[in-house]
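Participant: Could you look at this predicted model? Sequence included:
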Amino acid sequence: MHKTLGVSLGLAVLLASGGAMAGKDLDAIKAKGHVVCGVPTGTAGFALADSQGKWVGLDVDVCRAVSAAIFGDSEKVKYVPLTAQQRFTALQSGEVDMLSNNTTWTLTRDTALGFDFGAVTYYDGQAFMVSKKLGVKSAKELNGATICVQPGTTTELNLADYFRANKMTFKPVVIEKVEEVRAAFFSGRCDVYTNDSSALYSTRVANVPAGQSPDDYIVLPEIISKEPLAPVMRHGDNQFVDIVRWTQYAMIEAEEYGITSKNVDEMLKSENPAIKRMLGVTPGMGKALGVDEKWAYNIVKLVGNYGESFDRHVGKDSILKIDRGLNRLWSQGGLQYAPPIR
Ligand SMILES: N[C@@H](CCC(=O)N[C@@H](CS)C(=O)NCC(=O)O)C(=O)O
């Protein structure tokens, strides 16, 4: 009798603690029927609403892939554009379920702010952009410059560190809204615009005003920081965080195994046990994550593998033409590496 009571109490405790960690945000997402994704207000290649109001970009594809994993449909997403300054409050307050908006994974954000990070969507680093007219070739020549920067970012902090370390001074021009910071820079109100280098490439290609050309500007060679950009979720629902993270890994793993949106149906016939497991031909992975066994199939079919998403939005098939660089697969000398799906 006592033994039975002990066992059932133990089970209840186990279930209760499991319940506290799992499913709270996921249940709410399922009940709403969509994921609310915080994205940048407009960064070409990463997240931008097109002329029909449809959001596109590398960050957007992470939201679409999460939707595909949970709903078997990549379009069950509501996008909330946020400035860098607004993003963390929006996530903490529950206005959004996740951020996919070029947020750098740092210790304080991962702990004190109460967040968890997914996998790294894009390995980035901070750089400086200047007008060619300035005649500057290196960041070391920027002593005394006026520098445009957005508040609430790692950018602002690294900038101060870099100038202090190099015994230089600068005049910050701190502007929250990205279109205003771009306008300030392109009109010459600041000598320099500093941001993640991806954002600078994007701005240079997509936002130069009429009458000026991208060739009028250069991104200086110094990369002054590590900016691993990753999706962000609130603490409190480990299951949802797991789904986001493994959604990203499925995209990376699919690229590694040569599974694309075009050939994924053919790949269902593959004899490779890893491919069979990932695509749900051999069941188990979906159950472990708490989603349909077709989760990874749906991600690849509806969104594509990581390389397809990269090429389409920021790489060779896009206007940005950013080199894969650090974002190559580990097997090709890069840092993108998915743990085993097993
Ligand atoms: N990665 C840095 C910088 C992030 C950042 O400033 N991103 C800008 C430039 S892409 C942005 O997304 N701003 C949102 C917006 O205003 O559109 C961080 O996490 O602090």
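Facilitator: In hand now; what should we look at? Residues are numbered from 1 along each chain as shown.
Participant: buried ones in stretch 126-136?
Facilitator: For stretch 126-136, burial by neighbour count (16 or more other C-beta atoms under 10 Å) applies to 126-131, 136. Using the backbone N, CA and C atoms, a C-beta is placed for each residue, glycine as well.
Participant: All the helices of the stretch 151-300 of the chain, in order from the start?
Facilitator: 154-165, 178-186, 197-206, 238-256, 264-267, 273-278, 285-289, 295-302 (DSSP state H, counting those that start in this stretch).
Participant: and the buried residues of stretch 126-136, which two are the farthest apart?
Facilitator: Farthest pair in the buried residues of stretch 126-136 (C-beta to C-beta) is 126 and 131. Separation: 18.7 Å.
Participant: before we move on, back to that, now the helices of the stretch 151-300 of the chain in TSV, with mean pLDDT?
Facilitator: Conversion of those to TSV gives the following (pLDDT from 0 to 100):
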stretch	mean pLDDT
helix 154-165	98
helix 178-186	97
helix 197-206	97
helix 238-256	98
helix 264-267	98
helix 273-278	98
helix 285-289	97
helix 295-302	98
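Participant: which of the buried residues of stretch 126-136 lies closest to the ligand?
Facilitator: residue 126 (7.8 Å; C-beta to the nearest ligand atom).
Participant: Might you report the residue contacts of that closest one?
Facilitator: 154-155, 158-159, 194-197, 223-225, 227 (C-beta atoms under 8 Å, 6 or more residues apart in numbering).
Participant: cool, and residue 264?
Facilitator: By C-beta under 8 Å, 6+ apart, residue 264 lies in contact with 254, 279, 297, 300-301.
Participant: same check, this time on residue 38
Facilitator: 80-82, 87, 90-91, 95-96, 98-101.
Participant: again, 10 Å this time
Facilitator: 47, 59, 63, 79-82, 86-88, 90-91, 95-101, 103, 231-232 (C-beta atoms under 10 Å, 6 or more residues apart in numbering).
Participant: residue boundaries of the strands in the stretch 51-200 of the chain?
Facilitator: Under the criterion DSSP state E, counting those that start in this stretch, strands of the stretch 51-200 of the chain are mapped to 55-56, 77-82, 98-99, 115-117, 122-124, 126-131, 145-149, 170-174, 192-196.
Participant: Can you redo the buried residues of stretch 126-136 as CSV, where the extra columns are pLDDT and distance to the ligand?
Facilitator: Formatted as CSV, the buried residues of stretch 126-136 follow (pLDDT from 0 to 100; distance: C-beta to the nearest ligand atom, whole Å):
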residue, pLDDT, distance to the ligand
126, 98, 8
127, 98, 12
128, 98, 14
129, 98, 12
130, 98, 17
131, 98, 19
136, 97, 22
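Participant: Turn the residues you listed into TSV, columns for distance to residue 340.
Facilitator: Output for these, formatted as TSV (distance: C-beta to C-beta, whole Å):
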residue	distance to residue 340
126	33
127	34
128	40
129	40
130	45
131	48
136	47
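Participant: so which of these would you say is closest to residue 325?
Facilitator: Within those, the smallest distance to residue 325 is 12.5 Å, found for residue 127 (C-beta to C-beta).
Participant: Can you name the residues of this protein sitting close to the ligand?
Facilitator: Where the chain comes near the ligand, counting by C-beta under 6 Å from any ligand atom, the residues are 40-43, 83-84, 101-104, 150, 153-155, 178, 195-196, 199, 227, 229.
Participant: let's go with 8 Å and repeat that
Facilitator: Residues of the chain lying near the ligand by C-beta under 8 Å from any ligand atom: 40-43, 46-47, 81-84, 87, 101-104, 106, 109, 124, 126, 150, 152-156, 176-178, 195-196, 198-199, 202, 227, 229.
Participant: Could you chop this structure up by domain?
Facilitator: With domains defined by automatic domain parsing, the chain comprises 22-123+229-322, 126-225.
Participant: Name the stretch among the ones you listed that sits most buried.
Facilitator: Comparing the domains of the chain by mean neighbour count (mean count of other C-beta atoms under 10 Å), domain 22-123+229-322 ranks first with a mean of 20.
Participant: Now the terminal residues of that one, how far apart.
Facilitator: Counting by C-alpha to C-alpha, to the nearest Å, you get 38 Å between the two ends of domain 22-123+229-322.
Participant: what about stretch 303-316, start to end distance?
Facilitator: 17 Å.
Participant: Which residue, other than its chain neighbours, is closest to residue 242?
Facilitator: residue 289 (6.2 Å; C-beta to C-beta, 6 or more residues apart in numbering).
Participant: how far away is the one you found from the ligand?
Facilitator: Distance from residue 289 to the ligand, counting by C-beta to the nearest ligand atom, to the nearest Å: 27 Å.
Participant: now do residue 28
Facilitator: Relative to the ligand, residue 28 is positioned 25 Å away (C-beta to the nearest ligand atom).
Participant: And for residue 213?
Facilitator: 21 Å.
Participant: what does residue 218 give?
Facilitator: Taken as C-beta to the nearest ligand atom, the span from residue 218 to the ligand is 19 Å.
Participant: So that residue sits against residue 134, correct?
Facilitator: Yes - taking contacts as C-beta atoms under 10 Å, residue 218 lies within contact range of residue 134: 9.1 Å.
Participant: contacting residues around the residue in the stretch 201-342 of the chain that the ligand sits nearest to?
Facilitator: Using C-beta to the nearest ligand atom, the closest approach of the stretch 201-342 of the chain to the ligand is made by residue 227 at 4.9 Å. Residues near residue 227 by C-beta under 10 Å, 6+ apart: 102-106, 120, 122-127, 153-155, 158, 195-199.
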